[in-house]
Each structure stands twice: as C-alpha cells, then as structure tokens.
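S.K.: This is the structure alone, sequence omitted:
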C-alpha cells in the first residue's frame, strides 16, 4: 500500500475546517505606522496588570496555595470562581443560579465548541444570523451542521418552515440550536430589540432547541439595557434548570483574554454534560489562572467595567463623529451602543475588499472587508471598523484617510 | 410541541460520553488519614513553585511584556516555547524538527481530542491497547470510532485482518489511527519492546494510518531507554514531515499540570490542520502561561527531571520491596521502569473491586480496581497502584495493610 504522507486520511469533517480569513488578513497588515481599524481585540493598556501581578504573587507566595494552584483540578472549574460568577449572573444579568449551573471554559470560544459537540449530529441545523461571529461557525463546522438564517422576521419564515427545511436536509435531522449575540454583535455592533428576543425564544420553544447566548460584549456605552435571553427564558420557565438558554460569558474583554477564562451558565443537566466534554477535551482550565482570575475579578471587576466602558465610549464617539464629518455621501454606518465595532457599507456596487488594498497601500489605514463575515459571498460593499485600539486622534486621522480613499473610488 | 427541558435533543455522540469511573471514585475516597495508591497525579512538593513565582513576577513586572502576556495570541502557540520544544525533541528524543512542527496544546489530553477530531469519522477504527489510558478513549469516543485491539502479536492478527474488520464495520470506514503509550503506560506501567515498536510502525504503514504516540511519562528510573516511535519513523522516512507519527508531550508530570501546557510534534501539514482545530476550539492556550512555562522550562527542566526521577524511583523501589515482603501468594505485579504505576493482579476469581471497599473501610487504604481500565468488563482481578504521592514509609505501611486484606480474602 502506498504511503501517502504528508496527506493522511482525515475525517470527513476536516473538509469544513478552514483558516479564518480575518486572522490571515490581520497577519498581512501587521506593520508599523499603519492605523488599524481591523483588529477585534481589547486595548492592553486597560488590563489590570498590577492586580494580576499581585494575585499571582499572592497565590504562589504561600506554599500551600502554590501546591494546589499548580496541581490538577476538577473539570467543572474552581469552585470559588464558579460561585462568584453565579452571584454576578444572579445579580447583574437576572439569571438566578448556583455554582452547579456554572462551568468554566477556555474563553467563550471553547463553550461554542463544546455546545456544538454536545448538540450537533451531522446534518442537524443551527440557526445563525448573517453576518455573524465567524468563530462560532468555525466552532460548529466540525460537527457538520447545516445552517439556516435568523432572524425569522427578515424572511417572513414560520417556525414550521425551519423544522421542515431541517428535516428535509437529512434523515432524522432537526434544528438543534439557535446561536445569538444579542448585544453589540460582531461584526454589526447591533443590539437585538426586546421583541426579537422574545420571538427567538418562542421559536426555540416551538422547535424544542437550545438557544446559545454569546455575551462576549456586555458593556453598554449608551441607550437602554435589554434583558438577556437567559433572564427572559428563566423568568418564563421559572428557573435556570428549566431554561433552554445556554448563556456564555467571558473575562476576555473586561479583564484580560490571555488567561482563557470564560463560563457557561445553563440548566444543571446540560452543565453536567458539558463537564463530561470538558473532562475528555482538556481535563480542566488552568488551575492557577482560575484562582488568580477569581481574585482579580473580586477586586477589580466593577472598576474595570467602568474603565473599559469609559475608554471605548470615548473612542466610539470619536469614530462616529469622524465618520459624520469625513465620509462621502452613500457611505452608511451603524451607531453601536457597546462592543468594539462599527459596521458600515459603501454605495452599492463598490467593493470594500478591493478598496482596502488601496487604503493600506496609499493611506496606511486598514479595516476588515465585510465579505469575510458572510458564508455566501455577499457583503461585498460592507466593512467592519474596530475602535478599541486606536486613540481618538488616531481615529480622527484614520477615518479622514479612509474617506479620501472612498471619495476617490 | 412539548418542551422537554431539561432534556434537550443531544447529538448522537452524547450517548458515548460518560464520566470517568476513576474520577468519581477518587472523589469518594478523598478523606483524611487514608493512604491512597489510587491517584495518578504528580507530587506537588516536587513542583518548582519558586521558579514559577519568579517567572510570573518577571513577566508581569515589565509593562511591555505584561501587555503582550495578557493579550490574545496565536493559535500555534508562543514561538519561543515552540522553538525550545523543537530543540529538546531534536536533542532528547531523536526527532529533528522545527517550530513549524510544534503546536502547543492544553496538556496532552487536548492533543488527543484534536487528533480524534481530525482523523475519525463515525465508524472509523482506532487501534488501542487493552487496558489503555481511559482519557484517550474518552477523547476519541465523541467522534464515534470503533476500537480494535493492539498489540497484534497478542492475537496473531494480520494487517489485512484489521483492514477487513474495519471496512466491514461501516461503509467506507478504515483504520485511521493507532494509539500507543510506549513508555510506562497507564495503567500497566509497561514499556513497549523495540520489536513491538517496529511492528506497530510497519502495521501503520500497511494500513496507511497515523500513529499517536502519547509520552505523558518519559522519565526512566532503570533499564535501557527505547527509541520513541517518532524517532524510529522519522529515521525510516527521512524527516518528520514524512512521518506518520503524531508525538504528544506534556509538562504536566515534570514541571506542573496546572498551566495546561502540552505539545504535539508532527509533520507540518498535520500541524497546520491541528492549528485550525485549535483556533476553532479555544483560539489559543493561555498566553502568560506559555511565556512563564518557557522561562521555567529553560531554567529548571533538566534539574526537575533529575529531581522527579530520583523521588519516584525511591517510591517505586519502596513499593516493589513492600509488595515482595507482604503480598500473599498468587498476587502478581509489574516492575515498571518509570511512570507512576504498578499494575497488579489477585489470584483468579478474586474481585479487586469488591476488595477495595474492604480495604478502604477496614484498613484506610485505597487503589483503583482494574476493571475501570477495560471497556469489556474484564480485568476483575486486576488493580492499579500509584506510588507518586505517598512517602516510602506510607507505602510500606499501606502495602502491609493491603496485604492483610488480600490474605483474608
């Protein structure tokens, strides 16, 4: 038999694994002097580095806590951290719950992988918005789902039409989950109105599927807060243990992403299943990182929210103001009330992918072309602008440069 | 439609996800005063806690390195750590390679999950020893493989019989991987002889499947070192990029498990596929933990190997000596040359699972019944003894107590 290396016989699902276009693109534009609106990462100047340094020193400075912090630990996650999260979910997000409803994950990205693994057989349907967070599609893809589009209002779909389309796609297949980023979504920056939240939950009840609520971006700069999907469903069903919402959170945007600490809040039977998946996937999240994150969160979470919100609000305002002053007619953009992104579009027929090459080459300014966020090749005229890394003067300057590129197109 | 919560419609693979019997059992016997040979974890007194404390303080003490250490990072892993590992693999394990052949994983457990995800479609065959590391079966199970047994000598199997059995099990299915722990395996403590290593690689060539080499336990207390499967295959094929072996390593046993830092060394095309999986599964391993592990490894890896080896050798010797002096006739045990475990058996007909309850209740001593390591209900008379946590005097005392339980059975 011929040795085919380096081309082994991969699993069928490997066909659906692709590099993130955006990550490849970000490597290309990583050059000094360029003003980048392309990234989607928090400003590292906002990380509470001193609190992290103090917490690592405290944990490792005591021989007894050092030993347990450097040892294996349970798959559910560090109990005091889970209790802290349960208290905050109860108090801040209207999701009364206990540590039994909480599992620690390696960022919310891992929660998405595990939920895909738990819920999706090949051919099952996942409902997602278009455009949506590409990392969610990348997490679900290995489980070979079919996708159908949310929100239903956009296409006048009935619940039955989702179920029928799913059943027709593969024998025995059904709609297994609906994925939503209800607040300040990536890439659109949009917030889901209350009525749409209720319709999504009613649809999930009709289809008897779980709802995955991704709350990567929770801090609001302006406008009225909306109840989380989990809080609405818990209020409706009577308890988190009767809810169909799997609520995913993360410390990545408010404290720091590098420790890879996120969490899932869900009905205890679902959490127990996810714990089995965690045990088989990586045993547990970093022990010392969980202990440290608990200390840093207990100490700085509220002040960090205030700090991060104030900083990003100022930058969002700078960007919206610069867009209004500089952009030529026909360019439209969203006015996000939180998050990291402004979603914009060029006049019909213009190609944001072609223009970004000129923007980088001629004006040393970059954004992410919107097509990357669609799976169907649409979105040519769209683009995403992140306001979290550049300073307000850089934003003013960079948007002015971009406007010159667009005006000349 | 009825709301079935809290019982959602899980994926078919969820049927194969079960809690580790051993982990549940370890929770039961977690009581003071008990001498436990049940665990399988390193002695935390051996962790280089001061080196970790110094490294965290160094990384977070400098504002510039603190910012990058707390930020998102690339899915492949921290380049200086990958380079350090590549150098050690080249020098220590006979696997000439570069950082392009190395990906950082959350312990070697995550490598097993990712390899299952990359290689196994439902119905494909994975070749595994019986008994084997249960965590490997738990990692592979969600991808719904069929298992077939290694080594082939034990059953006089031909390569063709493996291929035929695999193809007969499911349409289009094939043998995709062979999983082996060639040194000081969990639970048996056995080392694979050189001839068996060569036969396994020849079988993999015949079947055109990958070989997963799990090197959780690398430190040898006595006896002659054997070449790794990867080194044999790389020598045979000419380069790591032409090899079919995926070599998995970890810092968990020599430095500390809590940071969840392991690695994969393989042909670059395979590593690139695994990086896509990592990106979709958790984006990357902890940034600061990788930077810290690089510093601690560079500083202490060789001295830690010496320290860990000396300590566990002494405890293994204490255990083998106590077994020889105390155990009644008919009890047999392995003489491991490394690792953490002695594998033993009671006289035929005796049940190690029933006797452990008496051992815990009457003598406050515990081990893991062997049946947990078999998937077919056999192994009733077998049991596993770990020597890494108790001190030599505790080992002497505990083995004496165990012998009294067995003698009275």
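M.R.: Yep, it's here. Predicted model, so just to flag it, every value in this text is computed and none were measured.
S.K.: From now on I want contacts and neighbour counts done on CA atoms only, so please keep to that.
M.R.: Noted.
S.K.: any idea how far the residue most central in space within chain A is from residue A:370?
M.R.: The residue lying closest to the centre of chain A (CA atoms, centre = their mean) is residue A:216, at 4.6 Å. Counting by CA to CA, to the nearest Å, the separation of residue A:216 from residue A:370 is 20 Å.
S.K.: For the stretch 151-300 of chain A, just list every one of the helices.
M.R.: Secondary structure of the stretch 151-300 of chain A (DSSP state H, counting those that start in this stretch): helices located at A:159-169, A:194-207, A:229-237, A:268-282, A:287-326.
S.K.: from these, which stretch is densest packed?
M.R.: Stretch with highest mean neighbour count among those: helix A:268-282 (a mean of 23; mean count of other CA atoms under 10 Å in any protein chain shown).
S.K.: just how off-centre is that one within its chain?
M.R.: 21 Å (CA atoms, centre = their mean, to the nearest Å).
S.K.: same question, stretch A:209-224
M.R.: On CA atoms, centre = their mean, the centre of stretch A:209-224 falls 9 Å from that of its chain.
S.K.: try stretch A:171-184
M.R.: For stretch A:171-184, the distance to the chain centre is 15 Å (CA atoms, centre = their mean).
S.K.: pLDDT wise, what is the residue nearest to the centre of chain A at?
M.R.: pLDDT, residue A:216: 88.
S.K.: Please apply the same query to residue A:155.
M.R.: Residue A:155 is given a pLDDT of 79.
S.K.: With the one 10 residues further on instead?
M.R.: Reading off the confidence values, residue A:165 has pLDDT 95.
S.K.: And residue A:128, by the same measure?
M.R.: Confidence score, pLDDT, at residue A:128: 95.
S.K.: The one 3 residues further on now?
M.R.: You'll see residue A:131 listed with a pLDDT of 91.
S.K.: which phi and psi does it have?
M.R.: phi -80, psi 160 (degrees, to the nearest 10).
S.K.: neighbours around it, how many?
M.R.: Neighbourhood size, residue A:131 [other CA atoms under 10 Å in any protein chain shown]: 21.
S.K.: any weak-confidence spans in the stretch 251-400 of chain A?
M.R.: For the stretch 251-400 of chain A, not a single residue meets the criterion pLDDT under 70.
S.K.: Near chain B, which residues of it are found?
M.R.: Residues of the stretch 251-400 of chain A lying close to chain B (CA under 8 Å from any CA of the partner chain) are A:256-260, A:267, A:269-270, A:273, A:276-277, A:280-283, A:285-289.
S.K.: what sits against residue A:89?
M.R.: A:95-97 (CA atoms under 8 Å, 6 or more residues apart in numbering or on different chains).
S.K.: give me the element it is part of.
M.R.: Residue A:89 is part of helix A:79-92, with elements assigned from DSSP states H and E.
S.K.: which helices and strands does the helix or strand following that helix pack with?
M.R.: Using DSSP H and E, the helix or strand that follows helix A:79-92 in sequence is strand A:102-105. Applying 3 or more CA pairs under 8 Å, 6 or more residues apart in numbering or on different chains; DSSP states H and E, one finds that strand A:102-105 makes contact with helix A:79-92, strand A:262-265, helix A:268-282.
S.K.: Ok, which of these comes nearest residue B:208?
M.R.: helix A:268-282 (26.0 Å; CA to CA).
S.K.: Tell me what angle that closest one forms with helix B:268-282.
M.R.: 160 degrees (axes from the mean of the first three to the mean of the last three CA atoms, to 10 degrees).
S.K.: Show the contacting residues for residue A:314.
M.R.: Contacts of residue A:314 (CA under 8 Å, 6+ apart): residue A:392.
S.K.: now do 6 Å
M.R.: For residue A:314, the contact set (CA atoms under 6 Å, 6 or more residues apart in numbering or on different chains) is empty.
S.K.: Likewise for residue A:369?
M.R.: A:352-353, A:383.
S.K.: switch to 8 Å and redo it
M.R.: Contacts of residue A:369 (CA under 8 Å, 6+ apart): A:352-353, A:356, A:380-384.
S.K.: Just the ones in strands from the residues you listed, please.
M.R.: A:382-384 (DSSP state E).
S.K.: Can you tell me which of those residues is nearest chain B?
M.R.: Nearest to chain B among those is residue A:384, at 19.6 Å by CA to the nearest CA.
S.K.: what about that closest one, how many neighbours?
M.R.: 29.
S.K.: you'd agree it is up against residue A:189?
M.R.: No - contact criterion CA atoms under 8 Å: residue A:384 and residue A:189 do not qualify, at 9.3 Å.
S.K.: shared neighbours, the two?
M.R.: A:341-343.
S.K.: Could you dump these into JSON lines and include neighbour count and secondary structure?
M.R.: Shown next, in JSON lines, are those (neighbours: other CA atoms under 10 Å in any protein chain shown; DSSP: H, G, I helix; E, B strand; the rest coil):
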{"residue": "A:341", "neighbour count": "28", "secondary structure": "strand"}
{"residue": "A:342", "neighbour count": "27", "secondary structure": "strand"}
{"residue": "A:343", "neighbour count": "22", "secondary structure": "strand"}
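S.K.: which one is residue A:175 nearest to, not counting chain neighbours?
M.R.: residue A:125 (4.5 Å; CA to CA, 6 or more residues apart in numbering or on different chains).
S.K.: Please work out how many residues are found near that neighbour.
M.R.: 28.
S.K.: Tell me the confidence at it?
M.R.: 97.
S.K.: Correct me if wrong: it contacts residue A:171.
M.R.: No - using CA under 8 Å, residue A:125 is not in contact with residue A:171, being 11.9 Å away.
S.K.: between the two, what contacts are shared?
M.R.: If you check residue A:125 and residue A:171 against CA under 8 Å, 6+ apart, no residue is contacted by both.
S.K.: what's the distance between residue A:63 and residue B:45?
M.R.: 9 Å.
S.K.: same thing with residue A:295?
M.R.: Using CA to CA, we find residue A:295 at a distance of 24 Å from residue B:45.
S.K.: for residue A:126, same thing?
M.R.: Distance from residue A:126 to residue B:45, by CA to CA: 48 Å.
S.K.: what does residue A:405 give?
M.R.: Taking CA to CA, one finds residue A:405 at 62 Å from residue B:45.
S.K.: cool, and residue A:293?
M.R.: For residue A:293, the distance to residue B:45 - CA to CA - is 24 Å.
S.K.: and what of residue A:35?
M.R.: Applying CA to CA to residue A:35 and residue B:45 gives a distance of 50 Å.
S.K.: With neighbour numbers in mind, choose between these two.
M.R.: residue A:35 (23 against 12).
S.K.: And the pLDDT for the more buried one?
M.R.: Reported pLDDT for residue A:35: 94.
S.K.: what sits against it?
M.R.: A:364-366, A:390, A:394-395, A:398.
S.K.: rerun at 6 Å
M.R.: Applying CA under 6 Å, 6+ apart, the residues near residue A:35 are residue A:365.
S.K.: Could you do residue A:133 as well?
M.R.: Counting by CA under 6 Å, 6+ apart, residue A:133 has contacts residue A:186.
S.K.: at 8 Å what do you get?
M.R.: A:185-187, A:373.
S.K.: want to throw those residues into CSV with distance to residue A:222 and neighbour count?
M.R.: What follows is these, written out as CSV (distance: CA to CA, whole Å; neighbours: other CA atoms under 10 Å in any protein chain shown):
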residue, distance to residue A:222, neighbour count
A:185, 15, 27
A:186, 18, 24
A:187, 18, 25
A:373, 26, 27
